[in-house]
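# got a sequence here, can you model it:
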Amino acid sequence: MRQFSRVVMPALMFQILQAQTLSVNQQRLADIQYLATQLPALHPNFFFQLNSSDYSAAVQQLTSQSSNLTDAEFAVRAAQLVAMAGDPHTSLYLTGSTFPISFRWLDDGMFVTGASSGYSSALGTRLAAVGSTDIGTVLAQLGTVIPSTNTQWVQYEAQTYLRIQSVLQGLDLVPANGPSPMTFEDARGNQFTLNLNPSTDTIVGAPSGDGPQADFVQNNGQNYWFEYFAQQRVLYFKYNKCADDPSNPFAAFAAKLLSTADSNPVDTIVIDFRGNTGGDSSVINPVLTGLQQRIPTLLSNPNYRTYDVVDGGTFSSGLDDAMEIKSNAIQAASLYPGYNIDKSTIVIGEPSGGPPAGYGEVLGFSLPYLGLSGQYSTLYHPLPQFIPAGNAFLPDLTVLNRSTDYFARHDPVLAAIFARAGGPPAAPSGSAIVVNAASFRADQGITPASYAAAFGAFPQNTDGLLVNGEAAQIVLATAAQINFIVPADAAAGTAVISVRAGGTEAASGQFTVLPQSLELFSLAPDPSQPGAVLNQDFSINGATSPAAQGSVVQIYGTGYAESTQVLFGDIPAKVLYSAPVAGAPGLWQVNAMAPLGLTGQLPVYTISGNTVGNAVTVWVE
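Presented below is the predicted three-dimensional model:
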């Protein structure tokens, strides 16, 4: 140790003294030179998809600008240089003071999922702009700082970068000094601006603690956990981080998980990699090996399936493990007759943040003068066997997660797994876009005799609407929206809509009619989606008038169902009644018993056949 001090300390002192004699700009220029020469030499193939002349031009541009940049601008532009390589594992870290607010990217935008008391008005809203720049352009600019191969990873990383004031200042999105303005949009479409300042104030999350969180965001502080859903015969394994936890060693954890699979009836095993950004890909091996050993037993159950769950936060070793499950399944299909890969192992969710093949195995570096740190790849990981090439690992079954799911405490992926759902209906098209009038989602069901809504530009004198040539009942007509009831005898499949005005067609389109589906109405444009639900005493369900555990609630929606399941969170409820409401065309009523043991604001949704409806919330005490 002393010998280390005698050798190293003079070198450190020399570097410190040298730095003191250099101007800030000279230090910046020296760091630019490091990025220009040393970083490309450290990386095994820095220019694998980057033209070296383009990189040299960017280096020269930053060199010419360096003396006129603020510290934040210089750090961001240095990070942009590194990001040019397009290797998600090679980056310059950007850190700084953070706003007491948190974001989550959902399929309908970037939403506020946590805020300190001073910014609580933003909870549940969509981020519309930073400074005077709209969020779409903001994400595009962040994409120049975040090295990536796809937009999913930019969106995922942006959740963090949007909180760092110096990053936004470095991109010239907010003033260099003082508070940073952000504009938010609530569920009613109203916009407002808050001036944010960094602080360490406590952040309160949304949805609040007055009810269960969706499973995939529970226990985020644990590297891994599992739960057995007895009524659905589902074993759910959430893998948050590819790292062993000394307080819960993975070997013991794996043994317990596999023992649960052996000692309980299991139709479905779910391995959920959402938000798993990596670590050591070998940690999960005891589970993967154990499942491979059990393939003959699992296949003896004709209902058996494995679901492999990914999203934009699935990256690096987390992605490697998710791909290994699919590769192992394809290999097993060649070894075991009856192993139907299309049914037995399904990748579900959304495209991954990382690419199937790419560089990794990182080491750290530090710019010699200004001290900015980063990492670079050291090894190329080729495309895994049986996995298609591309900029992301794609799901077999895409399930979107929107703000109306998240703030309703609902996990649409797990719901689709419970239902053994197929893919969403084909997207509506044309000049009249038709969606379900309860959920207003194009990826959810429209059935005969249900409410639908057509959006477009319609004339003032709209006087008719045809579905496959048959007149439909118009309930509401404005210049932008027409609500109507789908004819009761509309055939399942593709339907053609024709909006009529004065005897001529004013707009047209196509949408899909499903044989059965129930979508639920919400009472207000509220992020938590309070449902159109009556308590057993016929009072309107809400925070001040909750239903009692074990009581019967009346849930209202639209659609048609030959069979109806109702779930409160993950718990199936006893359904007492499910039928159209007499005298109210398009309206459907379900009476269900609120399960015992669940309280607070709970997500409620239906499964009709294999079709999952949207979720609303009810209060139970």
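
# stretch 432-440: which residues count as buried?
Within stretch 432-440, the residues that qualify as buried are 432-439, counting by 16 or more other C-beta atoms under 10 Å. From N, CA and C alone the C-beta is placed, and that goes for glycine too.

# what do you get for stretch 314-323?
So stretch 314-323, judged by 16+ other C-beta under 10 Å, has buried residues 314-323.

# quick one, what contacts the spatially most central residue of the chain?
For the chain, the residue nearest the mean C-alpha position is Leu106 (5.0 Å; C-alpha atoms, centre = their mean). Neighbour list for Leu106: 401-403, 405-406 [criterion: C-beta atoms under 8 Å, 6 or more residues apart in numbering].

# tell me the pLDDT of it.
Predicted confidence (pLDDT) for Leu106: 98.

# now Leu372
90.

# gap between Ala158 and Phe46?
24 Å (C-beta to C-beta, to the nearest Å).

# next: Gly211.
Using C-beta to C-beta, Gly211 is found at 49 Å from Phe46.

# next: Gln481.
Noted for Gln481: a distance of 52 Å to Phe46, by C-beta to C-beta.

# domains of this structure: list them as residue ranges, please.
Using automatic domain parsing, the domains assigned to the chain come out as 217-354+392-419, 429-514, 518-620.

# re the thing from before, now, among the contacts of Leu106, which is nearest to Asn328?
Ranked by distance to Asn328 (C-beta to C-beta), the contacts of Leu106 are led by Asn401 at 26.4 Å.

# what about the closest one, how many residues nearby?
For Asn401, the count of nearby residues is 23 (other C-beta atoms under 10 Å).

# doesn't Gly312 make contact with it?
No: contact criterion C-beta atoms under 8 Å: Asn401 and Gly312 do not qualify, at 9.9 Å.

# joint contacts of those two?
By C-beta under 8 Å, 6+ apart, the residues touching both Asn401 and Gly312 are Glu350.

# wait, isn't Thr404 in contact with Ala438?
No: using C-beta under 8 Å, Thr404 is not in contact with Ala438, being 11.0 Å away.

# which residues are common contacts for those two?
Common neighbours of Thr404 and Ala438 are listed as Asn614 (criterion: C-beta under 8 Å, 6+ apart).

# dump the domains of the chain to a markdown table, plus distance to Gly189 and mean pLDDT.
Shown next, in a markdown table, are the domains of the chain (distance: least, C-beta to C-beta, whole Å; pLDDT from 0 to 100):
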| stretch | distance to Gly189 | mean pLDDT |
| --- | --- | --- |
| domain 217-354+392-419 | 13 | 95 |
| domain 429-514 | 13 | 96 |
| domain 518-620 | 8 | 96 |
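
# for the stretch 251-400 of the chain, just list every one of the strands.
For the stretch 251-400 of the chain, the strands defined by DSSP state E, counting those that start in this stretch occupy 268-272, 305-310, 345-349, 358-360, 363-366, 373-376, 379-381, 397-398.

# what's the span of stretch 278-294, first residue to last?
With C-alpha to C-alpha, to the nearest Å as the measure, stretch 278-294 spans 26 Å from end to end.

# so for Gln481 and Phe46, which residue has more residues nearby?
Neighbour totals were compared for Gln481 and Phe46, and Phe46 leads with 22 against 14 (other C-beta under 10 Å).

# related to what we said a few turns ago, let me know which of the strands of the stretch 251-400 of the chain is tucked in deepest.
Ranked by mean neighbour count under mean count of other C-beta atoms under 10 Å, the strands of the stretch 251-400 of the chain are led by strand 305-310, which reaches a mean of 25.

# tell me which strands that strand pairs with, and in which orientation.
Sheet partners assigned to strand 305-310 using DSSP bridges are listed as strand 268-272 (parallel), strand 345-349 (parallel).

# number of residues surrounding Ser121?
Residues near Ser121, counting by other C-beta under 10 Å, number 13.

# does it touch Leu194 like I think?
Yes: in this structure, Ser121 is within contact of Leu194 by C-beta under 8 Å, at 7.2 Å.

# what sits in contact with each of these two?
Listed as contacting both Ser121 and Leu194 by C-beta under 8 Å, 6+ apart are Phe184.

# pretty sure Tyr119 sits in a helix.
Yes: assigned with DSSP: H, G, I helix; E, B strand; the rest coil, Tyr119 falls within a helix.

# against Ile540, how distant is Val82?
Distance of Val82 to Ile540, computed by C-beta to C-beta: 56 Å.

# and the strands in the stretch 1-150 of the chain, which stretches?
According to DSSP E, counting those that start in this stretch, the stretch 1-150 of the chain carries its strands in the segments 91-92, 101-106, 109-115, 126-130, 133-134.

# counting contacts, what elements does whichever strand or helix holds Val590 pack onto?
For Val590, the element it lies in under DSSP states H and E is strand 588-593. Using 3 or more C-beta pairs under 8 Å, 6 or more residues apart in numbering; DSSP states H and E, the elements in contact with strand 588-593 are strand 552-560, strand 571-580.

# tabulate these (JSON lines), appending distance to Gly371 and mean neighbour count.
Below are the helices and strands packed on strand 588-593 laid out as JSON lines (distance: least, C-beta to C-beta, whole Å; neighbours: other C-beta atoms under 10 Å):
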{"stretch": "strand 552-560", "distance to Gly371": "58", "mean neighbour count": "24"}
{"stretch": "strand 571-580", "distance to Gly371": "52", "mean neighbour count": "16"}
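
# among those strands, which comes closest to Val499?
Set against Val499 and scored by C-beta to C-beta, these come closest in strand 552-560, at 20.2 Å.

# okay, the angle between that closest one and strand 571-580?
Counting by axes from the mean of the first three to the mean of the last three C-alpha atoms, to 10 degrees, strand 552-560 lies at 60 degrees to strand 571-580.

# direction included, what does strand 552-560 pair up with?
For strand 552-560, the pairing partners within the sheet under DSSP bridges are strand 517-520 (antiparallel), strand 533-534 (antiparallel), strand 588-593 (antiparallel).

# list the contacts of the longest one.
Which is strand 588-593. Identification of contacts with strand 588-593 by C-beta under 8 Å, 6+ apart yields 450, 518, 550-561, 564, 566, 573-581, 606.

# show me what the helix or strand just after it is packed up against.
Downstream of strand 588-593, the first helix or strand assigned by DSSP H and E is strand 600-608. Judged by 3+ C-beta pairs under 8 Å, 6+ apart, the packing partners of strand 600-608 are helix 412-419, strand 517-520, strand 552-560, strand 565-568, strand 616-620.

# show residues contacting the last one.
Counting by C-beta under 8 Å, 6+ apart, the neighbours of strand 616-620 from elsewhere in the structure are 211, 408-409, 520-522, 528-533, 541-543, 545-549, 553, 555, 568, 594, 598-605.

# so what's Ile417 closest to, chain neighbours aside?
For Ile417, ignoring the flanking residues on the chain, the nearest one in space by C-beta to C-beta, 6 or more residues apart in numbering is Tyr307 at 5.2 Å.
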